[in-house]
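[1] The sequence isn't on hand, but the structure is:
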């Protein structure tokens, strides 16, 4: 079991360091303090992107929802996201096939693609102003993953009915100006401002009757018909179900042998000169285990992230910011020599990952009324959308067999 951040002693400032370019131009949701003990159908603990998606979806279905967050919603783990909303998963389709067989792996990739499409439709229907833009992805050869590895992955994706085109060196260089041996170009992903997206969802949830409170949950009491939570005040909240959407802070009763916490770093450049960015603003990521990733922003910046390592301690993580930022600048210049590499924003953040690249979504083992969503890796917002739909079904007493792929107590992959 890897070391984890303490859920009670860790504040938002411990989840990320530095400054990211998110959240400008919209007022944060208002949240008051608890004035009395209350009851609700579903209590959502955490007001970041996972909690806001869950709360909005439940409220839209007519469910009585309460959201609690001990600090300003959206300014914890969500604020550290680079919001590359990809359907491609950290583990390739080939790796997942080795773990679980082709049919199951293909289904999970197809559901991930469906989640990005669903999120896009939701943002459009609600009119959320969060710089949401459809994007293709460029999955670049890197390290030992050369053209033959990408060709094998592309063929598997074709077999699964997933969209994409294999580009050789000449096509990649002429089409995008990127000097790598090969790439897979795939439509169907997106990008956004994660804080504005989260806040927009919370505003809509509140408009539908959801209640948002400033409170920290300190104890959970799971009973046959309900869950009662104690808060840092004198009041309690009783709910039929509780959804844990606490980012990368897992309460000590949530245990999973395939999950670990790590750290990632990112930067945003100054706005680039007009016409100096790569074609179509494609989302870029590398075909290597420790990969870097890059995107553009609505105001013409380049964001590049990566340099992941197993750092847990927030002070140690933030102390690495200068060297990690310098390494990312070097990677950016190699990837896109035309870039103006002057850094305007740099930040770091904790994130959770699993051995099979799949999230942890479902009931906490032994606590059927407490549901959780963790371990997103590089697909945070995509898996958050998927979690919001899955957990709403579980709250309604319905489940589907494919939910088992994300079970919190699933065994380690065997491939």
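    Arrived safely. These numbers were taken from a predicted model, which means no experiment stands behind them.
[2] Tell me where this structure has helices.
    In the chain, the helices defined using DSSP state H lie at 12-15, 49-60, 93-100, 102-126, 147-159, 169-176, 194-207, 314-319, 321-335, 380-395.
[3] mind listing what's buried in the last one?
    Across helix 380-395, burial judged by 16 or more other Cβ atoms under 10 Å covers 380-392, 394-395. C-beta here means a position set from N, CA and C on the backbone, and glycine is covered the same way.
[4] what's the lowest-pLDDT member of those?
    The lowest pLDDT within the buried residues of helix 380-395 belongs to residue 380, with 85.
[5] ok, that residue - contacts?
    49, 77, 81, 351 (Cβ atoms under 8 Å, 6 or more residues apart in numbering).
[6] Specify which member of those residues is nearest to residue 217.
    Nearest to residue 217 among the contacts of residue 380: residue 77, at 16.5 Å, using Cβ to Cβ.
[7] Burial check on that closest one, number of neighbours?
    26 (other Cβ atoms under 10 Å).
[8] Would you check that it makes contact with residue 250?
    No - counting by Cβ atoms under 8 Å, residue 250 is not a contact partner of residue 77; they are 11.7 Å apart.
[9] wait, residue 267 sits on residue 345?
    Yes - with contact defined as Cβ under 8 Å, residue 267 counts as touching residue 345 (6.4 Å).
[10] quick revisit: I'd like to know which of the helices of the chain is closest to residue 231.
    helix 49-60 (15.9 Å).
[11] Give me the mean pLDDT for that closest one.
    For helix 49-60, the per-residue pLDDT averages 97.
[12] Give me the contact list for that helix.
    Against helix 49-60 from outside (Cβ under 8 Å, 6+ apart): 41-42, 44-45, 47, 65, 67, 69, 73-74, 78, 81, 126, 194, 197-199, 201-202, 204-205, 208-210, 243, 245, 247, 373, 380-381, 384-385, 387-389, 391-392, 395.
[13] go again using 6 Å as the cut-off
    42, 44, 65, 67, 78, 194, 198, 201-202, 204-205, 208, 210, 243, 245, 373, 381, 384-385, 388, 391-392 (Cβ atoms under 6 Å, 6 or more residues apart in numbering).
[14] What is the nearest of the contacts of residue 380 to residue 114?
    Looking across the contacts of residue 380 and measuring by Cβ to Cβ, the closest to residue 114 is residue 49, at 18.1 Å.
[15] Low-confidence ranges, the chain, go.
    Within the chain, the segments meeting pLDDT under 70 span 1-16, 25, 248, 415.
[16] I'd like the distance between the closest residue to residue 137 other than its chain neighbours and residue 130.
    Taking Cβ to Cβ, 6 or more residues apart in numbering, and ignoring the residues beside it in sequence, residue 137 has residue 283 as its nearest neighbour in space, at 4.5 Å. Remark: distance between residue 283 and residue 130 (Cβ to Cβ, to the nearest Å) = 16 Å.
[17] same question, residue 378
    19 Å.
[18] burial count for residue 28?
    Going by other Cβ under 10 Å, the residues that sit close to residue 28 add up to 16.
[19] Hmm, I typed the wrong one, I wanted residue 144.
    With other Cβ under 10 Å as criterion, residue 144 counts 9.
[20] Cool, thanks, signing off.
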